[in-house]
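Participant: Would you be able to build a 3D model of this:
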Amino acid sequence: MERYDYIIVGAGAAGCVLAYRLSEDPANRVCVIEAGPRDTHPFIAMPKGLAKVMADPKHLWAHASQPEASTAGQSEMWVRGRVLGGSSSINGMMWVRGQPADFDALAELTSDDWNWEHIGAAYAALEHHELGAAPTRGASGPLRVTMPTLRDALSEAQIRAGEAMGWPRKQDVNIPDNDDGIGYAPRTIAGGKRQSAATAFLRPAERRANLTVLTDCTVDRVIFDGQRASGVELLRGGRRETIGAAREVILCGGALATPGILERSGIGDARRLAELGIPLVHDNPEVGEGLIEHRGLIMQWKLTRDLSQNKQFHGWRLLRATVRYYLTRGGPMSAAAYEIGGWFRTRPGLNRPDAQVLVAPFSFDFAKQRQDVERFPGMSVVVYPLRPTSRGSIHIATRDPDAAASFQPNYRASDADRQSMIGAVRVIRDYVRQAPLGELVGEETMPGAAVASDAQILEAYDRFGTCGYHAVGSCRMGKDDASVIDPQLNVRGVSALRIIDTSVMPLIPAGNTQGPTMAMAWRAADLILAANG
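Facilitator: Residues are numbered from 1 along each chain as shown. Okay, the predicted model is just below:
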């Protein structure tokens, strides 16, 4: 049996950062295991190719929800990357770091190891940011972060409308001030190419002789010697194999995959595991519970002037843009999913922003499941409350490791979440009326002006809403004994097993989760290396 010092399960945002950090010491033998293939799909590198990759089942885990009222009685799909780089190879590439208050709140629930002092330092260490160095912004790290280059008249009007709302225009929307703001959002793009976790962290680390990367290998379960994790059992090419860990197994599968690995390994609710015939290693009913996700609503408007990018994404212009991209790595196909971000308060009296809006100079064709743009000039936004308090769950229903677990999102279960959802829509409608954007915006086409009452707005979230692809919390970190992991990331009830991914976050950061995951993984490496001398 092959043995390593550290086995990292999952080559996503967290796993790639950990592989980079832990393999810096040549004395550490590190193995990273990824269920999907290498990231050679041609549309992974092309930023606007993300829609094509997200439609390719070979590169995805597709999790189906159980129908519930908050999804209008339908099952919705949450997809995650099944490829080197994980979801950082298929996401929208916005670089949103969260605010100091988010991480200080995390520290209150866990320990000071996770406060802004440490996370800000992690960001400064891992970033190679186009805007240069700042106290918590890095200029010489492995991850290239750049600013948008396509700044057209519509985009400028969209930002100026935010200024008219009282949202300060920011050169860096991630400035750590815990305040409202709007501006062009940094992206994990460089030279016109996606900078996934695999590109930034794993590719350089693979040059080291002490790092092994296994692809197309699905980890079934962690194996134990008594209560100590001693390795993993995986499936490769239809055959089962075992790999040993001399020091630790570290799960980095994300909020949707990590709970399933724990449950198949015998860690979870004893009754649930008994029903599946899984031998119990440690009883913890919180495994798979506490799932939190952003619920977004896409709002769209027809424009009175043809300033939209819609025409760039169909017909001969799309062909021209694609050719231009391959010749110059520039143009519309080199842009992130959204390149303008805004943070605002949905009602008076709040001490910090509680909603986020992502603004686009194009609009989707909902009749084609948003796989195409509308044939008239339009613009769109996606808006969502930042810190939902409603909690869902995710659990396996079979011992098959290739079967994606089903989940219950349980959106808008709390009155506070419902207030924020309604308030966010009303604020955004006010926003689009501000000059100079108001002069360009005509009819609201989604969800439509007829959706006016509180009940109608919530129904629109149910019928037309979308997940933010930001799920967290299903293997909660905490200082209390009931939590799944302790503040040092150790799985409670066993030894030599840690988790670092979005599943450990007991609260959701104020924005997209790629940045916080990478920063927390960078910080996690400090704790792991210190614990192991």
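
Participant: what are the ranges of the strands in the stretch 351-500 of the chain?
Facilitator: Under the criterion DSSP state E, counting those that start in this stretch, the stretch 351-500 of the chain contains strands at 355-360, 378-385, 392-395, 406-408, 441-446, 466-467, 497-499.

Participant: And those strands: which comes nearest residue 117?
Facilitator: Proximity to residue 117, assessed across those by Cβ to Cβ, is greatest for strand 497-499 (22.0 Å). Backbone N, C-alpha and C define where each C-beta goes, glycine included.

Participant: who does that closest one touch, helix- and strand-wise?
Facilitator: For strand 497-499, the contact count by 3 or more Cβ pairs under 8 Å, 6 or more residues apart in numbering; DSSP states H and E identifies strand 239-251 as packing neighbours.

Participant: circling back: export the strands of the stretch 351-500 of the chain as TSV, with columns for distance to residue 14 and mean pLDDT.
Facilitator: Putting those into TSV (distance: least, Cβ to Cβ, whole Å; pLDDT from 0 to 100) gives the following:
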stretch	distance to residue 14	mean pLDDT
strand 355-360	22	98
strand 378-385	23	98
strand 392-395	18	98
strand 406-408	20	96
strand 441-446	35	97
strand 466-467	20	96
strand 497-499	9	98
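
Participant: Out of those strands, which is closest to residue 264?
Facilitator: Shortest distance between residue 264 and the strands of the stretch 351-500 of the chain, using Cβ to Cβ, is found for strand 392-395: 11.0 Å.

Participant: Which strands border that closest one, and is each parallel or antiparallel?
Facilitator: In the sheet containing strand 392-395, the strands it pairs with under DSSP bridges are strand 289-291 (antiparallel), strand 406-408 (antiparallel).

Participant: so which of those strands is the most packed in?
Facilitator: For those, the largest average neighbour count (mean count of other Cβ atoms under 10 Å) is found in strand 289-291, namely a mean of 23.

Participant: Identify whichever of the strands of the stretch 351-500 of the chain lies nearest to residue 531.
Facilitator: When those are ranked by distance to residue 531, counting by Cβ to Cβ, first place goes to strand 497-499 at 9.2 Å.

Participant: before we move on, back to that, could you dump the strands paired with strand 392-395 into CSV and include distance to residue 299?
Facilitator: Rendered in CSV, the data for the strands paired with strand 392-395 read as follows (distance: least, Cβ to Cβ, whole Å):
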stretch, distance to residue 299
strand 289-291, 26
strand 406-408, 26
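
Participant: Between the ones you listed, which one is closest to residue 350.
Facilitator: Shortest separation from residue 350 across the strands paired with strand 392-395 is recorded for strand 289-291, at 24.0 Å, computed as Cβ to Cβ.

Participant: What strands flank the helix or strand just after the closest one, and is each parallel or antiparallel?
Facilitator: For strand 289-291, the following helix or strand on the C-terminal side (DSSP states H and E) is strand 295-303. The sheet places strand 295-303 alongside strand 378-385 (antiparallel), strand 441-446 (antiparallel), strand 466-467 (antiparallel), with pairing taken from DSSP bridges.

Participant: Pull out the buried positions in the second one.
Facilitator: Read it as strand 441-446. Neighbour-count burial for strand 441-446, with 16 or more other Cβ atoms under 10 Å as criterion, is recorded at 441, 444-446.

Participant: List the buried residues in the helix or strand bottoming out on mean pLDDT in the chain.
Facilitator: Within the chain, no helix or strand scores below helix 50-53, which has a mean of 84 by mean pLDDT, DSSP states H and E. For helix 50-53, the neighbour count (16+ other Cβ under 10 Å) marks 50, 52-53 as buried.

Participant: just to revisit the earlier point, same list, the strands of the stretch 351-500 of the chain, but as a markdown table with distance to residue 489 please.
Facilitator: A markdown table is the format used below for the strands of the stretch 351-500 of the chain (distance: least, Cβ to Cβ, whole Å):
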| stretch | distance to residue 489 |
| --- | --- |
| strand 355-360 | 27 |
| strand 378-385 | 28 |
| strand 392-395 | 20 |
| strand 406-408 | 23 |
| strand 441-446 | 42 |
| strand 466-467 | 26 |
| strand 497-499 | 4 |
